[in-house]
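with the input below, show me the fold.
(one chain, ligands or ions: 1)
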Amino acid sequence: MTSPSIPGQPHIHYADGQLQVEGCSLDGLATEFGTPLFVYSKASMLAALAAYQRGFSGRNAQICYAMKANSSLGVLQVFAQAGCGFDIVSAGELARVITAGADASKVIFSGVGKTRTEMRQALEAGIGCFNVESEAEIDVLNAVAVSMGKCAPISIRVNPNVDPKTHPYISTGLKGNKFGIAHERTLATYQHAASLPGLQIVGIDCHIGSQITEETPYLDAMDRMLDLVESIEAAGIPIHHIDFGGGLGIDYQGDTPPAADALWAKLLTKLDARGFGQRKLMIEPGRSLVGNAGVCVTEVLFMKPGEQKNFCIVDAAMNDLPRPAMYQAFHTIVPLDEALHVKGSTNGLVCDVVGPVCESGDWIGRDRPLAVQAGDRLAVLSAGAYCMSMSSNYNSRPKAAEILVDGQNHHLIRVRDTMADQMRGEKLL
Ligand SMILES: *Cc1c(COP(=O)(O)O)cnc(C)c1O
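Numbers count the residues shown, from 1 in each chain. I've put the predicted structure just below:
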């Protein structure tokens, strides 16, 4: 018997009393591969991508997956095979996408602190565009390109100064942020870049923040960007593509972000009205392509009832799931056993779900009603983005294993760290 899927997560549902990702039982995977275990739905990733593809149908558009959201090779392969480009932020990410089979010409390189070595490697690989973030970077990139006898394709990241109305740590398009070039400096910066022999101007870009759940910030940013394109082109500098960045939110806790296709229907209406409908468009979605495609399965180690608080201590921790510790983020947590899910939601013990790491910041969920005991397994939902890619070995904990589910089949895409993996490269005195 199949129960309705978890809200916002059509590929995750209870079947025969057990939580499944597509056609695979999470309990079975946890028994086979151990916990904590990340499990991703390929169908969910492709469905999220399809929403953007529908939104852009008939347009000249390139979707570049912002791979910092989840940079595991198996995940990158899914997007490379689907024809995606990639937005990278380091030479390490460049090496990963090339390994995963990406077409370098569809790679764009963002980030405020690219090193000369990274610039050289990206020029060597033949990436499609450098998204330049400061006037100083323009001169350095020009010098590196000239020294290699190459010309670097660039876009300038503009800070449109719009409020994305999200958490301050993931808001990037406001004046006080370290990202991009101020709106007022944009034209002068383009004019300077156009005068340099090692640079070829191909576009303009922005990225205003992350986990954005409203459409107004996008519409406002688009207007600001198009105003700039008009003034830059009036100065004789053609802009071939306009890149609107990423940032679309997902449903973590009843959040209601616009659907990608609905959002783009509105944005394209504006583009058309302003005469930019035929321009090459780019976007850099990260979270919205992978966030709700993944769960982290964890086992309850101990229940620790207390006078002020009850704790449910699990074997996943802030090193696996850093978002709550970093920005008080919310992840829904449900038992794999549907009977416990039903029982917990009516008369569970209210507890904080915490990991074994020696930090008070090591919590995964607060005040959650749960009817579980030691040995039961839980799924931390919406764990596909900014979890494994931000994970660490803090407390000398191994990085978790990862599984990609495809229908009834599963692929182990990352083996759990061994202690030899963790100590590799270290030397005794
Ligand atoms: C992080 C980032 C993205 C992706 O953001 P999401 O919120 O995950 O969609 C896109 N572009 C740039 C420049 C980024 O830094």
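
and the stretch 1-150 of the chain, which residues reach the ligand?
Contact residues, the stretch 1-150 of the chain versus the ligand (C-beta under 6 Å from any ligand atom): 66, 68-69, 87, 110. Placement of C-beta: from N, CA and C, glycine included.

with the stretch 251-400 of the chain instead?
284-288.

which one of those sits closest to the ligand?
Of all those, residue 286 has the smallest distance to the ligand: 2.6 Å, by C-beta to the nearest ligand atom.

tell me, how many residues neighbour the closest one?
Neighbourhood size, residue 286 [other C-beta atoms under 10 Å]: 25.

can you report phi and psi for it?
Dihedral pair for residue 286: phi -120, psi -80, per degrees, to the nearest 10.

that one is in contact with residue 64, isn't it?
No: taking contacts as C-beta atoms under 8 Å, residue 286 lies outside contact range of residue 64: 9.7 Å.

what touches both of those two?
Both residue 286 and residue 64 are contacted by residue 87, under the criterion C-beta atoms under 8 Å, 6 or more residues apart in numbering.

bridged to residue 403, which residues?
residue 39, residue 412 (DSSP bridges).

and it, what is it in contact with?
With contact taken as C-beta under 8 Å, 6+ apart, residue 403 is in contact with 24, 29, 33, 37-40, 410-413.

closest one of these to the ligand?
So of these, ranked by how close each gets to the ligand (C-beta to the nearest ligand atom), first place is residue 40, at 15.5 Å.

may I ask you to name the longest strand in this structure?
strand 294-304 (DSSP state E).

quick one: the strands in the stretch 51-200 of the chain?
Taking DSSP state E, counting those that start in this stretch as the criterion, the stretch 51-200 of the chain carries its strands at 61-66, 85-88, 107-109, 129-132, 152-159, 181-182, 199-205.

show me what the fifth one is packed up against.
When contacts are defined as 3 or more C-beta pairs under 8 Å, 6 or more residues apart in numbering; DSSP states H and E, strand 152-159 packs onto strand 129-132, helix 135-147, strand 181-182, helix 186-194, strand 199-205, helix 216-234.

angle of that strand against helix 186-194?
Using axes from the mean of the first three to the mean of the last three C-alpha atoms, to 10 degrees, the inter-axis angle of strand 152-159 relative to helix 186-194 is 170 degrees.

average pLDDT for strand 152-159?
Taken as a whole, strand 152-159 has a mean pLDDT of 96.

what's the angle between it and strand 199-205?
Going by the same axes, to 10 degrees, strand 152-159 makes 30 degrees with strand 199-205.

adjacent strands (with direction) for strand 152-159?
According to DSSP bridges, strand 152-159 has the following sheet partners: strand 129-132 (parallel), strand 181-182 (parallel), strand 199-205 (parallel).

who does the residue in the stretch 51-200 of the chain that the ligand sits nearest to form a beta bridge with?
Distance from the ligand to each residue of the stretch 51-200 of the chain (C-beta to the nearest ligand atom) is smallest for residue 66, at 3.3 Å. For residue 66, the beta-bridge partners under DSSP bridges are residue 87.

distance of it relative to residue 210?
As judged by C-beta to C-beta, to the nearest Å, residue 66 and residue 210 stand 9 Å apart.

more neighbours, the two?
Neighbours were counted for residue 66 and for residue 210 using other C-beta under 10 Å; residue 66 has more, 28 against 25.

give me the pLDDT for the more buried one.
Here, the pLDDT recorded for residue 66 equals 98.

also residue 10?
85.

ok, it - how many residues close by?
Using other C-beta under 10 Å: residue 10 sits among 14 other residues.

taking the stretch 301-429 of the chain, what residue is nearest to the ligand?
Counting by C-beta to the nearest ligand atom, the stretch 301-429 of the chain gets nearest the ligand through residue 385, at 6.2 Å.

where does that residue sit: helix, strand or coil?
Of the three states, residue 385 takes coil under DSSP: H, G, I helix; E, B strand; the rest coil.

before we move on, back to that, nearest to residue 341, out of the strands of the stretch 51-200 of the chain?
Judged by C-beta to C-beta, the one of these that comes nearest to residue 341 is strand 61-66, at 32.2 Å.

report all helices and strands that that closest one contacts.
Counting contacts by 3+ C-beta pairs under 8 Å, 6+ apart, strand 61-66 packs against helix 42-55, strand 85-88, strand 280-283.

what residues are up against the closest residue to residue 384 other than its chain neighbours?
Leaving out its chain neighbours, the residue that sits closest to residue 384 by C-beta to C-beta, 6 or more residues apart in numbering is residue 294, at 2.7 Å. Taking C-beta under 8 Å, 6+ apart as the contact definition, residue 294 lies against 38-41, 70, 382-385, 387.

same thing but at 6 Å, please
Residues counted as contacts of residue 294 (C-beta atoms under 6 Å, 6 or more residues apart in numbering) are 38, 40, 383-384.

can you redo these as CSV with neighbour count?
Compiled in CSV, the contacts of residue 294 are given as follows (neighbours: other C-beta atoms under 10 Å):
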residue, neighbour count
38, 29
40, 30
383, 30
384, 29
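
now the two most distant members of the residues you listed.
Most distant of these, by C-beta to C-beta, are 40 and 383, 9.0 Å apart.

per-residue confidence for residue 360?
88.

the residue of the stretch 301-429 of the chain closest to the ligand against residue 291, yeah?
Yes: between residue 385 and residue 291 there is a contact under C-beta atoms under 6 Å: 3.7 Å.

returning to that earlier point: residue 214 is nearest to which of the strands paired with strand 152-159?
strand 199-205 (20.7 Å).

returning to that earlier point: what about the residue nearest to residue 384, distance to residue 204?
Separation of residue 294 from residue 204 (C-beta to C-beta) stands at 32 Å.
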